[in-house]
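[1] What follows is a protein structure lacking sequence information:
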């Protein structure tokens, strides 16, 4: 929560210093001039009139009556509560109505008649989302302190007016907040406004601060500064060099934290930039921090996406009281050796890439109150010295290398209010001493190996508990939820993914005594019905009952009780048959609604008002409601795959919606694809209609600005040509139109789609030659981003392209940096929810749908065509290739030895061609090869005899009458072949290498394996 107490103290200290200077000047003057004390001048009438008009602008309430009880007509306004005047002229210099609980429909312009104001505080009142006056502030030229924080103002800041107050020392327009962090469910900020939608916006941040060179404190928390881009940092460093306090949390800031901030603001003591969108390297800032910012006491950068190495010296800063880097996953470093004398009270590197061991010297941080060690790469034993830090109120631990049981020294930390242990190797039961930590409000054990029964009788003693999350462990037994009736403050309960049988008793008399819960997670808890206690939960935000055995209809009380906005309702993977409501339009407001993998029938139910993610897949729904698109205006993901939907695809999916991901695959839709879907005027990024009964030609109506990233129309009866207007989809990465009736030539024109990574055209009626024209034009028909190309089972003819075409497949040769490992899409307005694209093709002889496409999966399939000629040796340069299938063609000549350079290759199929010559010995040393088919060719000679080739059966080589040697039954002529000489030489080299590199013991063991020919089989996955 934003704390204005210390900041106000800083400001008052500044005024105190200024007062001393003034008093010193007056004292010097009085030494030579004798003055006579004059009584203070009473409040001027115009000042009193302005104040009374301001009073009338507030709603009359009990709070206002108290606040204005001294504000009476005919009395000296300089004596009114909250008012201070200049003694010489009776002009109002200070107006303090902060934290009075006042209400108003807007800030009255009478305020700006008080032109001598130096101090103005209207914080923590309620102005009901009204706009700040666009003019008037520029009249308050003497203002040094302006505080309008947490007063529910909204809209654009009066940039010119506030930006002209050149005497400002402190500016506070922030909104304070509290955070309830419920882990992977997200965090729940509570802002001190009359509505969550109320927010101030500044479109010209540089203009706001351009003339505020005297600023010492700047508080703009929750003001939207996104328009400033990455310029905010340089603007602050240049225009506000005297800053002591910089607080900009929740401001939607982007870009890195620039080095200018730490090289220019030498006096700064507080930097709070948490909960923003900061990203990229901030190395310069941290490098200068220890040397330049000698007065820094607070550094809060949590919940951003910063990158880079944090120098260990940062944590040894002498004056630093708090450093919070939580949630910056690409920040790395290690904790230093801590010496005595550190002032640190808050240290948090949780959710970062910090690594190494946690040294015992951390016990020297005797003033610590919050210690966050939740980085997965920490390892080693947890130092017992942590147990001596009796002041700790929050402890967070992670690290896959941290093993053992829960440390017994935790029992010494009796002041603990938060204990979080996750992503670790700790195991064993929850110790009984947990029940003695009576101050505990937050207890999280997540993704570790904790086991045994949950000691509910001990946890029931923790009556202050707010967050209890024990999910993804190995807890067992029957757990009766009645124990939480002893936890009246409980807001989050998460017990998912254990081996528990959860029951909630049958005693209805206790149901009303359950606490009001915000987040409930009971996934995979062997539930057979909706827990009864949920009937009385009318403040829920997120409910997860997925992966249970809940049967029948959703209870009707769900729709009576949960008729308020929910964030998420997950009922997936059960055996539910009915929504239990008479209308398809549910009385439910929910952002994420998951009903997938159940037995629902009939109309698809739609939540009312708004939703962002809807998943109805793998049910038996048969109908889409009429005019349903009017209820989908905010939906970004809509899944209805694997149902019984039929008829034409409703054109209502096109207009009036914001759907970005639409998946209607594996249904019975027929007719043609609506042209409006392909026009893509609403920003759709992924459209999947695979495995329906769609026919006709693909609409060629795609417009400029098309935003498609993925298109999957495979498994239908689509004919005609590929639409040339696809060229408008500049961001297209995945195109799958396999298993249709498309009649066209190879789409060289798609080479203009420079990001196209997956191209699946298999099982159509495509014809002609493949990409010959690249010999004349390097850029035409080149696919530099392609990692998967499948044109199998078509009617292509001619020779395979030689040389240049394969050399232009850059993503099959080099790994492109700065790209995510998985092809995915981050869905807006859903926290950090990511949708992963999918595609289907034949891999290792099996038709496979990849529901997660790794960019490292590199594959070519030219099989079942009529290609002739030789295999291009240039294929051997595609070093990242995992699968190559050129089977069932009419290829001739030898197998190029260059294929042996494909050291990542896992599957090679050259079967059913007319290849001749010997099998290149280089193929025997492709260590990752698990699938090999060279059958039905004209190969001759001895099959290479390497340990790896021993793993293949005779089916890999059948149909080659000239081949001999294992695994075929046909023996070779008894003579030492050149290939066997090569093998023996390489075997000796390997043995010598093993002796030298691994040591005699391991080397001799493997030497025996090689010498005796014991087959070494690779584990198949």
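    Structure's in. What do you need? Every value quoted in this text rests on a predicted model; they were computed, and no experiment measured them.

[2] all strands of the stretch 901-1021 of the chain, in order?
    907-909, 914-917, 931-933, 938-942, 962-964 (DSSP state E, counting those that start in this stretch).

[3] what's the most buried one of these?
    strand 907-909 (a mean of 23; mean count of other CB atoms under 10 Å). The C-beta positions use only the backbone N, C-alpha and C, and glycine is treated the same way.

[4] Which strands border that strand, and is each parallel or antiparallel?
    Paired with strand 907-909 in the same sheet, following DSSP bridges, are strand 883-885 (parallel), strand 931-933 (parallel).

[5] low-scoring pLDDT stretches of the stretch 701-850 of the chain, where are they?
    Residue ranges of the stretch 701-850 of the chain with pLDDT under 70: 772-779, 817-820, 825-835, 841.

[6] ok, which stretches of it are strands?
    Under DSSP E, counting those that start in this stretch, the stretch 701-850 of the chain gives strands at 710-712, 717-720, 734-736, 741-742, 758-760, 767-768, 788-790, 795-799, 824-826, 834-836, 839-843, 846-850.

[7] Could you do the stretch 451-600 of the chain as well?
    Per DSSP E, counting those that start in this stretch, the stretch 451-600 of the chain carries strands over the ranges 467-469, 474-480, 492-494, 499-503, 519-521, 542-544, 551-553, 565-570, 575-578, 585-586, 589-594.

[8] Now do the strands in the stretch 251-400 of the chain.
    254-255, 270-272, 277-281, 298-300, 305-309, 322-324, 330-332, 346-348, 355-357, 370-373, 377-379, 394-404.

[9] sorry, back to before: relative to residue 452, which of the strands of the stretch 701-850 of the chain is closest?
    strand 834-836 (34.4 Å; CB to CB).

[10] Quick one: residues contacting residue 292.
    262, 263, 266 (CB atoms under 8 Å, 6 or more residues apart in numbering).

[11] Let me know the closest of these to residue 708.
    Nearest member of the contacts of residue 292 to residue 708, counting by CB to CB, is residue 262, at 43.6 Å.

[12] got the contact list for that closest one?
    284, 285, 286, 287, 288, 289, 292, 293.

[13] Give me the residues contacting stretch 762-770.
    737-746, 790-801, 805, 841-842, 861-862, 867.

[14] sorry, back to before: is it possible to export the strands paired with strand 907-909 to a markdown table including mean pLDDT and distance to residue 643?
    Shown next, in a markdown table, are those (pLDDT from 0 to 100; distance: least, CB to CB, whole Å):
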| stretch | mean pLDDT | distance to residue 643 |
| --- | --- | --- |
| strand 883-885 | 95 | 32 |
| strand 931-933 | 93 | 35 |
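
[15] Could you pull up phi and psi at residue 621?
    Phi and psi for residue 621, reported as degrees, to the nearest 10, are phi -60, psi 140.

[16] Give me the neighbour count for it.
    22 (other CB atoms under 10 Å).

[17] same question, residue 224
    The number of residues packed near residue 224 is 19, by other CB under 10 Å.

[18] what's the answer for residue 582, then?
    Under the neighbour criterion other CB under 10 Å, residue 582 is assigned a count of 8.

[19] quick one: it and residue 538, what's the gap?
    For residue 582, the distance to residue 538 equals 22 Å [CB to CB, to the nearest Å].

[20] do residue 708 as well
    Distance from residue 708 to residue 538, by CB to CB: 42 Å.

[21] Mind checking which of those two has more residues around it?
    residue 708 (22 against 12).

[22] ok now do that one, which residues does it touch?
    Counting by CB under 8 Å, 6+ apart, residue 708 has contacts 680, 684, 685, 686, 687, 702, 729, 731, 732.

[23] Quick check: the second one touching residue 707?
    Yes: with the criterion set as CB atoms under 8 Å, residue 684 and residue 707 qualify as a contacting pair; they are 6.6 Å apart.

[24] between those two, which one's more packed in?
    With neighbours defined as other CB under 10 Å, residue 684 and residue 707 compare such that residue 684 has more, 25 against 17.

[25] circling back to that earlier point, list the ones among the contacts of residue 292 that fall in helices.
    262, 263 (DSSP state H).

[26] For the contacts of residue 292, give me CSV that also has pLDDT and distance to residue 954.
    Listed next are the contacts of residue 292 as CSV, based on pLDDT from 0 to 100; distance: CB to CB, whole Å:
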residue, pLDDT, distance to residue 954
262, 89, 69
263, 90, 72
266, 92, 78
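
[27] Tell me the one of the contacts of residue 292 nearest residue 87?
    residue 266 (37.1 Å).

[28] Quick one: neighbours of the closest one, just the number.
    14.

[29] these two touch, right, it and residue 293?
    Yes: assessed by CB under 8 Å, residue 266 is found in contact with residue 293 at 7.0 Å.

[30] Can you add distance to residue 205 and give the strands of the stretch 901-1021 of the chain back as JSON lines?
    Putting the strands of the stretch 901-1021 of the chain into JSON lines (distance: least, CB to CB, whole Å) gives the following:
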{"stretch": "strand 907-909", "distance to residue 205": "55"}
{"stretch": "strand 914-917", "distance to residue 205": "67"}
{"stretch": "strand 931-933", "distance to residue 205": "58"}
{"stretch": "strand 938-942", "distance to residue 205": "71"}
{"stretch": "strand 962-964", "distance to residue 205": "74"}
